[in-house]
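> quick one, what's the 3D model for this:
(one chain, ligands or ions: 1)
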Amino acid sequence: MPENSDLHKLLIDAAERGVAYRESGIDRRVAPSPEAVAAAKGFVEPMPDKGTSAERVLATLDEIGSPATVMMTGPRYFGFVIGGSLPVTVATNWLSTAWDQNVGMHEVTPATSTLELVAMDWMIDIFGLPAGTAASFVTGATIANFTALAAARNRVYSDIGWNVEADGLIGAPPVTVVVSEETHPTVFKSLGLLGFGRNRVVRAPVDAQGRIDAERFPAIKGPTIVCTQAGNVNTGAFDPVGRICEIAKPKGAWVHVDGAFGLWAAASPDRAHLCSGFSAADSWATDAHKWLNVPYDSGVAFVRDALALKSAMAITAEYLMTETRFRNPSDFTPELSRRARGVDVWAALKSLGRQGVAAMIDRCCSHARRFAAGLREAGFEVLNDVVLNQVLVSFGDDASNRRIIDAIQKDGTCWCGVTVWQGKTAMRISVCNWSTTERDVDLSLDAIIRIARGQQP
Ligand SMILES: Cc1ncc(COP(=O)(O)O)c(C=O)c1O
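Presented below is the predicted three-dimensional model:
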């Protein structure tokens, strides 16, 4: 049986190890060494009969685990779309983990439920969403898309007199789902989970940057859900959501915006124009673990029609405090029990303030432009208009791109991923980390250009 004195020593040890890890990240290789990756096999063993002391468990985790991690929190990680967790959010995450609140019911989690409400209101303010919009703190944009589209399914069906929660989709009247050629795969997954089918969709054509071409938008007839996007995962481009709302809303369609990272452009006065007209939509999905730089896992769904969201998500049970004068968080989320992930969102927003969020977004965008300028100057082709934090670069043909990207990842100065953009293999640079500096961009550019030119370090 563990004792409280052990708790003190153990948590201090964990904090010290965490601090050492984060401090090492500034100059550490981004990719782990092959030896460290091989050593992770040290975790593999048959289920032990006897236990191990807590100190040894923690030490094993650190000694084997830490060196085998990719330094995703570091300033030169530009893969996928990955934030670096602001120090304040790591700290509040640790404290709220110590609280270990199950934030499903308000009455038994007054502190965390209140913090989540505050964080929700602040984000609604930052994004300029309509008053009365409801939010749902979920694991990421995948489940935020799912949650928002579940609310859409509820409303679109209730508008035609069908109770989809009670009666399901078998025998239900058809609903048209409009996506684009560039809709993120997680939206298709959500459509599958919701019974709409990943393939039973109408695809709107897009332009060269991956934006829906509003002039060629499909005609809307009957109950319809339209899925738009703020921030293409490759180019960073935005669908013309305001224009699509003008086309689709008078026909009664529900317009959803997947803004996993792009929605945060609304926080910057210099980039808010990218989100113009977004408040006319019905639902929005975003991530906090990407551009707000809070620890995993943290996404948020916003739904204008709070009742549609609640009808899709809420449950009742005698033993649960579902009949309450408070707003129960679990009435709005797929999960009943969950961690209070909204606390980290509150901490990020409280520590940065409106100006700090805008500065973080602007800084990342300016680093992306610096990357693009440096790569062009070195003679490489930048494939996208760099409107946000994403840069696509090609070093030549498919095989050279793959060889060079692999060498860049192995070199360890920085980490960038591979993609295929409109038939061309390319390297993706996504600048999302609060701590990236111009020096990090320049160090990374030097390494990328050196490797692409086939030079030795
Ligand atoms: C546009 C878009 N939607 C959804 C997602 C999925 O987000 P998550 O992995 O946080 O669930 C991503 C991830 O990059 C994205 O870029």
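
> quick check, T425 in a helix?
No - if the criterion is DSSP: H, G, I helix; E, B strand; the rest coil, then T425 is strand and not within a helix.

> elements contacting the helix or strand harbouring H8?
If you go by DSSP states H and E, H8 is part of helix 4-24. Under the contact criterion of 3 or more C-beta pairs under 8 Å, 6 or more residues apart in numbering; DSSP states H and E, helix 4-24 touches helix 54-60, helix 87-99. Just so you know, the C-beta spots here come from the backbone N, C-alpha and C atoms, and that holds for glycine as well.

> deepest of those, which one?
Burial of those is given as mean neighbour count (mean count of other C-beta atoms under 10 Å); helix 87-99 ranks first at a mean of 17.

> send the alpha carbons of the helix or strand just after that one over as CSV?
Using DSSP H and E, the helix or strand that directly follows helix 87-99 along the chain is helix 110-127. Presented in CSV, the C-alpha positions along helix 110-127 are these (Å, rounded to 0.1, in the frame of the first residue of the first chain):
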residue,chain,number,x,y,z
PRO,A,110,-17.7,22.8,-9.3
ALA,A,111,-14.2,24.1,-9.9
THR,A,112,-13.4,22.3,-13.2
SER,A,113,-17.0,22.7,-14.6
THR,A,114,-16.8,26.4,-14.0
LEU,A,115,-13.3,26.7,-15.5
GLU,A,116,-14.6,24.9,-18.6
LEU,A,117,-17.5,27.3,-18.9
VAL,A,118,-15.2,30.2,-18.7
ALA,A,119,-12.8,28.7,-21.3
MET,A,120,-15.8,28.0,-23.5
ASP,A,121,-17.1,31.6,-23.3
TRP,A,122,-13.6,33.0,-24.0
MET,A,123,-13.2,30.9,-27.1
ILE,A,124,-16.7,31.9,-28.4
ASP,A,125,-15.6,35.5,-27.9
ILE,A,126,-12.2,34.9,-29.7
PHE,A,127,-13.8,33.1,-32.6
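
> what residues does helix 110-127 touch?
Contact with helix 110-127 is made by 96, 99, 101, 103, 105-106, 129, 131, 133-135, 137, 263, 266-267, 275, 278-279, 284, 286, 300, 302, 326-329, 340, 342-343, 345-346, 349, 354, 357, as judged by C-beta atoms under 8 Å, 6 or more residues apart in numbering.

> please apply the same query to stretch 273-280.
Against stretch 273-280 from outside (C-beta under 8 Å, 6+ apart): 127-130, 230, 238, 240-243, 245-246, 249, 255, 257, 259, 262-263, 265-266, 284, 387-388.

> so which of these sit within helices?
127, 241-243, 245-246 (DSSP state H).

> got a ChimeraX select line for the buried ones in those residues?
Only the buried entries of these go into this ChimeraX selection, using 16 or more other C-beta atoms under 10 Å:
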select :127,241,242,243,245
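
> hmm, which of the contacts of helix 110-127 are the buried ones?
96, 101, 103, 105-106, 129, 133-135, 137, 263, 266-267, 275, 278-279, 284, 286, 300, 302, 327-329, 340, 342-343, 345-346, 349, 357.

> thought V255 was touching D282?
Yes - in this structure V255 lies within contact range of D282 using C-beta atoms under 8 Å: 5.5 Å.

> any buried residues in stretch 185-199, and which?
Counting neighbours by 16+ other C-beta under 10 Å, the buried set in stretch 185-199 is 186-188, 190-191, 193-194, 196.

> is the ligand contacted by it?
Yes - applying C-beta under 6 Å from any ligand atom, one finds stretch 185-199 touching the ligand at T186.

> tell me where the stretch 201-350 of the chain has helices.
Ranges of helices in the stretch 201-350 of the chain, per DSSP state H, counting those that start in this stretch, are 241-248, 306-313, 342-377.

> so what's the residue positioned nearest the centre of the chain bridging to?
In the chain, the centroid-proximal residue (C-alpha atoms, centre = their mean) is D287; its distance is 3.4 Å. Beta-bridge partners for D287, by DSSP bridges, are G299.

> switch to numbering from 32
Yep, numbering from 32; the last one is D318 now.

> what mean pLDDT does stretch 462-481 get?
For stretch 462-481, mean pLDDT is 98.

> which residues touch it?
Contact with stretch 462-481 is made by 104-109, 112-115, 117, 292, 321-322, 324, 391, 394-396, 398-399, 401-402, 405-406, 409, 411, 420, 422, 439, 442, 444-445, 447, 458, 488, as judged by C-beta under 8 Å, 6+ apart.

> thanks a lot, see you next time.
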